[in-house]
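*Asks:* no FASTA, just this:
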């Protein structure tokens, strides 16, 4: 090892010694200024484009087809013109030399010397040297490349679209003139009033009625800045120029720059908040997060659930939008209760046929096949259960968005204060003649402040944007529902665990599921006769008239029972309807279902929502 190290060190020292003793006689550079200047300018353009992050594939790929054509045409025309105008295809008039001083041609102008090497320049008419030049085709390609990089740097899709629209805007502006005074005072006629106006002009109507045009006060009309019909172009141009100068003077005189600076400083302090606000808005991050754990199995095959999760993430929107009023299930279906729960869940929250939906399905999740003690473990360690269910990041994101929303509203309020102070300072400079305008503007500012305060109050609380509940089925053993208070992110959440028995009756499964599951989503909800659409309460009992009993029990003339059945609300424990197939075939289920859902959503929306 020592021998190897010694030998390697000896070889390195020998190589370094040979390099120091080398004469470098082979370095004799004589380059024409035309070729060198093109290479240097192209290099500067490339470095500039790289520094401003133009030369990346994602940006170049986003350039539109029209802009690509214009850039290519622009670079070819200007590149060839530049090449011909400066006569870059001919031999260079000046030559740059870099070699040892002793090898320098006679008559050159040495610029500087360093360690026996000199850098010099010479005129080809005075000094004869073997000048190296790039081929003319290469120099022409370099010229085109310079303007190609320049065009890519200064032009983008947005600026190019403005250039395309500019001629049309000019032509459109040609036909825009200020209206005449008579046209400005009389408002245009309302739509659909042509007949009445014509009848009035012909004398068939005494007045125009609702079609009477409203007179506009000429003093309230704003000054038109467009060109007058008989105004010369030069006068119009000078008027616009003076107007622009006046606006600039007013900008600096009213201390607008200070107002903009103060607003910018406020926004700069909340830069991270503003960045996150825009990022979450663009990425369509969830605005709420509600979770329900149940020990029921998945409604569909596990493979289908995985497929929908990864390949059809918006499946729930289509699923609940096209829901039927009832769901038909086989008696021996092991997933019957799960499918019923999913159907009820969609009807109560998402189906738009009953009423405007009160939730967005992608912000709700049922965790199927969960352990019965999930909420008990959640009360002890909520983050561990959320991490186990793979929803911790989503919940934390919604809670963070809530804090960001409050920060944004506070920032808007501070900005409005700056604007209000600027308006007040401007109003203080007005004379007594404009006091009425001043009071009107101050009143307007107060309205704006009230609006901000109202918006701030409309932001939901954290425990209204995020919720956690458990819905567990028991095997015949009746368990009392319980609730726990859980603290997460300095916010208290009420976590309820509701137990429900397995329902054997085929007809009563859906009704029982509605009554049970609605208590999980909104504990205060109670459906009673006061909320029902029934005018009377029809029951098969001793209080019912003999005629009603015979009508409902008769096996024939089924449709004659509709008048009676529309007043029988199946959600009010009228189980006798469920036990008779003949009545179920004609029962107006959709009427009472829509009323039930409407009543539930009106209460649910008071305590739940999204950002």
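*Replies:* Great, that's in hand. It should be emphasised that the depicted structure is a prediction, and the values quoted were computed from it without experimental measurement. Numbering: from 1, shown residues only.

*Asks:* run the chain-centre distance for the biggest helix by length in the chain.
*Replies:* Across the chain, the longest stretch assigned as helix under DSSP state H is helix 392-428. Mean-position distance between helix 392-428 and its chain equals 18 Å (Cα atoms, centre = their mean, to the nearest Å).

*Asks:* who does it touch, helix- and strand-wise?
*Replies:* For helix 392-428, the packing partners by 3 or more Cβ pairs under 8 Å, 6 or more residues apart in numbering; DSSP states H and E come out as helix 256-269, helix 271-282, strand 289-294, helix 382-388, helix 435-458, helix 462-465, strand 466-474. C-beta: built from backbone N, CA, C; applies to glycine.

*Asks:* lowest-confidence stretch among these?
*Replies:* Mean pLDDT per stretch puts helix 435-458 lowest among these, at a mean of 45.

*Asks:* quick one: contacts of stretch 322-341?
*Replies:* Under the criterion Cβ atoms under 8 Å, 6 or more residues apart in numbering, residues 294, 296-300, 343, 346-347, 351, 353, 366, 368, 471, 473, 502-503, 506, 509-510, 513, 517, 589-590, 593 lie in contact with stretch 322-341.

*Asks:* domains for this protein, by residue range?
*Replies:* Recorded structural domains for the chain (assignment: automatic domain parsing) are 28-162, 181-250, 254-525, 526-607.

*Asks:* neighbours of the residue lying closest to residue 263 once chain neighbours are set aside, how many?
*Replies:* What sits nearest to residue 263 in space, not counting adjacent residues and going by Cβ to Cβ, 6 or more residues apart in numbering, is residue 415, at 5.5 Å. For residue 415, the count of nearby residues is 16 (other Cβ atoms under 10 Å).

*Asks:* so residue 415 touches residue 266, yeah?
*Replies:* Yes. Between residue 415 and residue 266 there is a contact at 6.3 Å, judged by Cβ atoms under 8 Å.

*Asks:* the stretch 1-150 of the chain: helices as residue ranges?
*Replies:* Using DSSP state H, counting those that start in this stretch, the helices of the stretch 1-150 of the chain run over residues 2-21, 33-51, 57-61, 65-85, 136-154.

*Asks:* now do the shortest one: distance to the chain's middle.
*Replies:* This points to helix 57-61. Distance of helix 57-61 from the chain centroid (Cα atoms, centre = their mean) equals 23 Å.

*Asks:* for the record, mean pLDDT for it?
*Replies:* Taken as a whole, helix 57-61 has a mean pLDDT of 84.

*Asks:* skipping adjacent residues, who's closest to residue 46 in space?
*Replies:* Of all residues not flanking residue 46 in the chain, residue 149 sits nearest, at 6.3 Å (Cβ to Cβ, 6+ apart).

*Asks:* list the contacts for the one you found?
*Replies:* Here residue 149 is in contact with 42, 45, 46, 49 (Cβ under 8 Å, 6+ apart).

*Asks:* among those residues, which ones are buried?
*Replies:* Buried members of the contacts of residue 149, counted by 16 or more other Cβ atoms under 10 Å: 42, 45, 49.

*Asks:* so where is the stretch 401-550 of the chain shaky, pLDDT-wise?
*Replies:* 426-427, 429-458, 476-478, 504-508, 535-550 (pLDDT under 70).

*Asks:* residues contacting whichever strand in the chain runs longest, please?
*Replies:* If you go by DSSP state E, the chain has its longest strand at strand 491-501. Applying Cβ under 8 Å, 6+ apart, the external contacts of strand 491-501 come out as 375-376, 378-379, 399, 461-463, 466-474, 476, 478-487, 512, 516, 519-520, 523.

*Asks:* in PyMOL, how would I select just the buried ones from these?
*Replies:* Remark: buried members of those, expressed as a PyMOL selection using 16+ other Cβ under 10 Å:
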select buried, resi 375+378+379+399+462+463+466+467+468+469+470+471+472+473+481+484+486+512+516+519+520
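
*Asks:* follow-up on the earlier one: can you tell me which of the helices of the stretch 1-150 of the chain the model trusts least?
*Replies:* Comparing mean pLDDT over the helices of the stretch 1-150 of the chain, the weakest stretch is helix 2-21, at a mean of 66.

*Asks:* list the contacts for the closest residue in space to residue 607 that isn't next to it in sequence?
*Replies:* In this structure, residue 607 finds its nearest non-sequential neighbour in residue 464, 5.9 Å apart by Cβ to Cβ, 6+ apart. Residues near residue 464 by Cβ under 8 Å, 6+ apart: 607, 608, 609.

*Asks:* tell me how many other residues crowd the second one.
*Replies:* The local packing count at residue 608 equals 21, with neighbours defined by other Cβ under 10 Å.

*Asks:* likewise for the last one?
*Replies:* The criterion is other Cβ under 10 Å. On that basis, residue 609 has 17 neighbouring residues.

*Asks:* I'd assumed residue 460 was in contact with it.
*Replies:* Yes. Shown here, residue 609 and residue 460 form a contact pair, counting by Cβ under 8 Å, at 4.7 Å.

*Asks:* quick one: contacts for the residue of the chain most remote from its centre?
*Replies:* Most distant residue from the mean C-alpha position of the chain: residue 106, 71.2 Å away (Cα atoms, centre = their mean). Counting by Cβ under 8 Å, 6+ apart, residue 106 touches residue 127.

*Asks:* alright, calling it a day.
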